[in-house]
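Asks: sequence first, then the predicted structure, then my questions.
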Amino acid sequence: MNAAKFARQLVGALPALVEQNIISADGAEALRRHYAPMMRPARSLSVGLTISAILGGLLVGAGIILLLAHNWDALSRPARAGVALAPLLVSIGLSMFTLWRRSTSAAWREGCGVFYFLSIGAAIALVSQTYHLYHDLTGFLLVWLALTLPLIYLLGTGTALVGFWACVVAYSFRLNAGWHARELPPDFMPLVWWAAGLPFLVWQVWRRRGSLTVTWLSAACAVSGALLLLAYSDRRDFAYWQLPYAALFTLYYLVACRWFGDARGWRNPFRAVGCLGIAAVAVTLTFKHAFTHRPEFVWPWFSAGWALAAAGWSALIVELARKKLSFNWVAALFPGVVAVSVFVLTGHWSALLMNLYVFALGVFTLARGVRRDSWLSMNEGLLLLVALIVSRFFSADYGFVARGVAFIMVGVGFLGLNGWVLARRNKRKESDR
């Protein structure tokens, strides 16, 4: 039990203790004064206030933008510039007040952060439109990123970080659109901008790992990282580009096992995105046509990135093994299997290796879930096996009868195993009584 919850319960029990003559009224008052500073608002109330502040900031910012758009043509150029900068100046004033008097309030920080973030974008867009400063979306996004980054660390706002990463993804797609068709190397500056927001997430994880803020910031990090990698993908080399995704999703999974091992489901976004990504990439590579086009050239920058990813992958596995933390070894080996399929084997041998890997991953995950009595892990293994069976039936020339019988057998096995686990749990509960 944390200190705030203990203080609230103790102070709430004081009247009953005085009435039963267990402690005196003076003693109860002394305890009330002592524990009053520890009685912070309940977490549900704090989360509600933070969400309300974020929504309020979004609505205020959007309303101001709509009012400006409605009366824009009637204003002169100086008036347009003044009106465009007014919300930004107001947000700066509110942010200074927050740092001075409300620095411990998450609701104030997040509300001012989202309002400040939107004000920056609106000011840049309106001023540049008035004086014709920027003629492309790339320059607009770059300036927005440069002005938002200091706000994240000065105000300590996670909402601004989510908006910042969204702008980084848009900036990367805009900057690297069609780089492979132009036969030019891609621009890796968006990766630097994206990494610039990671220290804030690390700081939040170090301070309060189990908080809701860390959960949605982790989700934003995982999703934006996957989308950012998509901007660099050459769609001609389908199998070749699955290797970076295999490394990324495996790193997500290992990071989740190292720092968020106790959380499950939506409270562990890195594990959710990592497991889903590993399954999706692995099942996709079980088809032969995924390896029809061999990669002809590897950019040296990508080779350096793969070397860094391999170093991080190795370091995480060593750390997990050293601390004796539980993780799925078959899932951790996924990048190596994909590398062998893409660069060593060819044609149907590559697809055969990936089919064997998906089968091994499904069986190992299923057995691991049964051994640990984990309903989530058990069904993850079952779903992976079902996905493999379904993909093979749709890619092969089987009749409807054979497919129907196979699906019925898989469904019966799925339901039977879940029923067995539930019966096992009920039996254990009865024996513990």
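Replies: Thanks, I have it. Numbers count the residues shown, from 1 in each chain.

Asks: quick one: the strands in this protein?
Replies: Remark: strands of the chain are absent; assignment by DSSP state E.

Asks: walk me through the domains of it.
Replies: Using automatic domain parsing, the domain parsing of the chain gives 1-40, 233-396.

Asks: neighbours around Leu388, how many?
Replies: Counted with other Cβ atoms under 10 Å, residues neighbouring Leu388 total 21. To be clear about C-beta, it is placed using only N, CA and C from the backbone, and glycine gets the same treatment.

Asks: list the contacts for it?
Replies: 283, 286, 355, 358-359, 362 (Cβ atoms under 8 Å, 6 or more residues apart in numbering).

Asks: in helices, which of those residues appear?
Replies: Per DSSP state H, helices hold the following members of the contacts of Leu388: 283, 355, 358-359, 362.

Asks: closest one of the residues you listed to Leu14?
Replies: Comparing the ones in helices among the contacts of Leu388 against Leu14 with Cβ to Cβ places Gly362 closest, at 56.8 Å.

Asks: neighbours around the closest one, how many?
Replies: 24.

Asks: pLDDT (mean, whole number) over stretch 97-113?
Replies: The average pLDDT within stretch 97-113 is 78.

Asks: what of stretch 412-422?
Replies: Here stretch 412-422 scores 66 as its mean pLDDT.

Asks: could you list the low-confidence segments of the stretch 251-400 of the chain?
Replies: Within the stretch 251-400 of the chain, the set of residues satisfying pLDDT under 70 comprises 262, 292-305, 394-400.

Asks: now the ones in helices among the contacts of Leu388 in a markdown table, with distance to Ala387?
Replies: What follows is the ones in helices among the contacts of Leu388, written out as a markdown table (distance: Cβ to Cβ, whole Å):
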| residue | distance to Ala387 |
| --- | --- |
| Val283 | 5 |
| Asn355 | 12 |
| Val358 | 8 |
| Phe359 | 11 |
| Gly362 | 8 |
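
Asks: of those, keep whichever come out buried.
Replies: Buried members of the ones in helices among the contacts of Leu388, counted by 16 or more other Cβ atoms under 10 Å: 283, 355, 358, 362.

Asks: surely the second one touches Lys288?
Replies: This means Asn355. No - between Asn355 and Lys288 there is no contact under Cβ atoms under 8 Å: 10.0 Å.

Asks: nearest to Val11 among the contacts of Leu388?
Replies: Distances from Val11 to the contacts of Leu388, taken by Cβ to Cβ, are shortest for Gly362, at 52.9 Å.

Asks: ok so, going back, JSON lines please, covering the buried ones among the ones in helices among the contacts of Leu388 and showing distance to Glu380.
Replies: Converted to JSON lines, those look like this (distance: Cβ to Cβ, whole Å):
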{"residue": "Val283", "distance to Glu380": "13"}
{"residue": "Asn355", "distance to Glu380": "18"}
{"residue": "Val358", "distance to Glu380": "12"}
{"residue": "Gly362", "distance to Glu380": "8"}
